[in-house]
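> Just need the structure, nothing else, for what follows:
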Amino acid sequence: MAQASIREVSSEPIPQLAVRAESCRICGASLPEPFLDLGTQPLANAYSPVGVELPKAPLAVTRCPDCTMLQLTHTVDPTVMFVDYAYQSSVSTTWVRHCSEHIDSLLTSGALQPDATVVEVASNDGYLLRHLRSRGIRSFGVEPAVNLAEQANRQGLATINAFMGADSAPTILEQTGAADLIIANNVLAHVPDPVDFLSGIAQILAPQGRISIESPHALRLVEGMQFDTVYHEHVFYLTIDAVSATARRAGLELIALEPVPTHGGSLRMTFAHQGAAAVEPSVARCEGEERSSGLLSPEGLSAFANKVQSLKEEVLSLLTQSLAQGASWAAFGAAAKGVVFVNYLELDRRQISFVVDNNPSKQGRVMPGTDIPIVSLDHLAQASTVTDMFVFAWNIADELSREIEKVCAWPINTWAALPHLHRV
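Okay, the predicted model is just below:
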């Protein structure tokens, strides 16, 4: 697999790295103070060489009192985060299998016809386009990261290097033609203007076409204590009420949804042009679940924040006591989750010796905001003094724990902190 480049991070501060949002990005209502504050943190995917100090920005979440959209208090310029992007979707075998099975299910059910045109927005390194091509389906990717778009095109996966939006949609449409199916996985929560993003998608969607969008569900985030999925790339934390309101502003309608297990609990949402299809009962069921749980109310969110603080104290206590008794800790998964985790807990190399990651482009760097080096799995095989491992990428903990067992010829304790501190 070709290696993706990583944005070189200068020690010079980036002007206006983050701007405070005074009003809701969806409906314009005034935003209250945050219910969750994770401190000032570096960009989670800005992997830097040793000794480079990264610029930081506030990382906190508030709730719009009108449309109920959960969102960051500060916005980072998307071009800073996504023009040269480190994350490669194809690195996770679990995720790739999930997407391949989705395409197969669409074909089996008849929801996707072999002669259809499919456009994937935020197509990353072409992880999904490869499956579409292998099935003979005409497909295109739209990817804002220059390095990833180039990587996909070198593999013969037609990819347009652009941010999706109302302004870019006409140019994209010229190349793709009207799309029968548009797939946008794990991107709706990233864009600072979702109405503009969905408006662009609506422009390239065929009159009877469908949009499939997967994104982590805010309800699962709160239930599962998934505070480490809060980072600057994730501007929004999606609820059904808020998503429906956003879609209507773009001329689209949420017509169906399905819970899926990825990323700790996501929703696969299906959209169509307004009035083009009946709304299925699954939408009302999910709305009812959100409201009846109470977890997304101001009181529920405040309780969540208190639990996050308690979990921090519990993990720090475990590390302090075990290190005093001679333990040696490392971790697996230099994903954004791990970056947020170590920065919120203010961990460094004194507690975590190194972090293993299978992405070659991260190896040789350090966890943003820390001095903890990122290494290959081969490094762990030689580190027989390690007694305990944190799996930072808890959403694929089973996959990673099996990799740890394969290379470690000595007993090792494997831990995950979420949804509660436990051994894997």
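
> Pick out the least confidently modelled helix or strand of the chain, by mean pLDDT.
helix 78-82 (a mean of 67; mean pLDDT, DSSP states H and E).

> which residues of the stretch 1-150 of the chain fall in helices?
For the stretch 1-150 of the chain, applying DSSP state H, counting those that start in this stretch gives helices covering 78-82, 93-109, 129-134, 146-154.

> Which stretch among the ones you listed approaches residue 320 most closely?
Shortest distance between residue 320 and the helices of the stretch 1-150 of the chain, using C-beta to C-beta, is found for helix 93-109: 32.6 Å. For the C-beta atoms, the positions are set from N, CA and C on the backbone; glycine is no exception.

> I'd like to check what contacts that closest one. Which residues are they?
When contacts are defined by C-beta atoms under 8 Å, 6 or more residues apart in numbering, helix 93-109 is touched by residues 89-90, 112, 114, 127-128, 131-132, 135, 181, 185, 212, 260, 262, 268, 396, 399.

> ok, of the residues you listed, which come out buried?
89-90, 112, 127-128, 131-132, 181, 185, 212, 262, 268, 396 (16 or more other C-beta atoms under 10 Å).

> that older thread, which ones among the contacts of helix 93-109 are found in strands?
Judged by DSSP state E, those include 181, 185, 212, 260, 268 as members of strands.

> quick one: which two of the residues you listed are the most distant?
181 and 260 (16.9 Å).

> Any regions of the chain where pLDDT drops low?
1-16, 81-92, 94 (pLDDT under 70).

> would you put the C-alpha positions of stretch 55-64 in PDB?
Taking Å, rounded to 0.1, in the frame of the first residue of the first chain, the C-alpha atoms of stretch 55-64 are listed here in PDB:
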ATOM      1  CA  PRO A  55      -0.400  24.900  17.900                       C
ATOM      2  CA  LYS A  56      -3.500  24.100  20.000                       C
ATOM      3  CA  ALA A  57      -7.100  25.200  20.100                       C
ATOM      4  CA  PRO A  58     -10.000  24.800  22.700                       C
ATOM      5  CA  LEU A  59     -11.800  21.500  22.400                       C
ATOM      6  CA  ALA A  60     -15.300  21.800  24.000                       C
ATOM      7  CA  VAL A  61     -18.800  20.900  23.100                       C
ATOM      8  CA  THR A  62     -22.100  22.900  23.500                       C
ATOM      9  CA  ARG A  63     -25.700  22.200  22.700                       C
ATOM     10  CA  CYS A  64     -27.900  24.500  20.600                       C
END
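
> in it, what's buried?
55-64.

> so residue 163 sits right up against residue 143, yeah?
No - taking C-beta atoms under 8 Å as the definition, residue 163 is not a contact partner of residue 143, at 9.4 Å.

> List the contacts of residue 373.
Residues in contact with residue 373, defined by C-beta under 8 Å, 6+ apart, are 50, 349, 354-355, 364-366.

> same thing but at 7 Å, please
For residue 373, the contacting residues are 354, 366, by C-beta atoms under 7 Å, 6 or more residues apart in numbering.

> what bridges to it?
Legend: beta-bridge partners of residue 373 under DSSP bridges are residue 366.

> Let me know the distance separating it from residue 395.
Look at residue 373 and residue 395: by C-beta to C-beta, to the nearest Å, they are 23 Å apart.

> cool, and residue 403?
15 Å.

> between the two, which one's more packed in?
A direct count of neighbours by other C-beta atoms under 10 Å for residue 403 and residue 395 places residue 395 higher, at 27 against 16.

> The nearest residue to residue 70 once chain neighbours are set aside: helix or strand, and which one exactly?
Closest residue in space to residue 70, ignoring its immediate chain neighbours: residue 237 at 3.8 Å, by C-beta to C-beta, 6 or more residues apart in numbering. Assigned by DSSP states H and E, residue 237 belongs to strand 236-237.

> Run a quick neighbour tally on residue 324.
Neighbourhood size, residue 324 [other C-beta under 10 Å]: 8.

> In contact with residue 407, which residues?
Applying C-beta under 7 Å, 6+ apart, we find residue 407 in contact with 377, 380-381.

> To clarify, my last question referred to residue 312.
By C-beta under 7 Å, 6+ apart, the contact set of residue 312 is 344-345.

> which residue sits farthest out from the middle of the chain?
residue 325 (36.2 Å; C-alpha atoms, centre = their mean).

> measure it to residue 331 for me?
19 Å.

> and after the lengthiest helix in the chain, which helix or strand comes next?
For the chain, the longest helix by residue count, based on DSSP state H, is helix 298-324. The helix or strand immediately downstream of helix 298-324 is strand 329-332, counting by DSSP H and E.

> Report the strands that pair with that next one, each with its relative direction.
strand 355-356 (parallel), strand 388-391 (parallel).

> want to throw these into TSV with distance to residue 253 and mean neighbour count?
As requested, the strands paired with strand 329-332 are exported to TSV (distance: least, C-beta to C-beta, whole Å; neighbours: other C-beta atoms under 10 Å):
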stretch	distance to residue 253	mean neighbour count
strand 355-356	43	28
strand 388-391	39	25
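
> can those strands go into JSON lines with extra columns for distance to residue 424?
Shown next, in JSON lines, are the strands paired with strand 329-332 (distance: least, C-beta to C-beta, whole Å):
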{"stretch": "strand 355-356", "distance to residue 424": "14"}
{"stretch": "strand 388-391", "distance to residue 424": "6"}
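
> Among those, which comes closest to residue 227?
With C-beta to C-beta as the criterion, residue 227 lies closest to strand 388-391 of the strands paired with strand 329-332, at 15.1 Å.

> quick one: contacts of the closest one?
322, 327, 329-333, 397, 400-401, 404, 412-417, 424.

> Would you show me how to pick out the buried ones of the residues you listed in ChimeraX?
In ChimeraX syntax, the buried subset of the contacts of strand 388-391 is picked out as below (16+ other C-beta under 10 Å):
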select :322,329,330,331,332,333,397,400,401,404,412,414,415,416,417,424
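
> ranking the contacts of residue 407 by neighbours, who comes first?
Going by other C-beta under 10 Å, residue 380 tops those with 21 neighbours.
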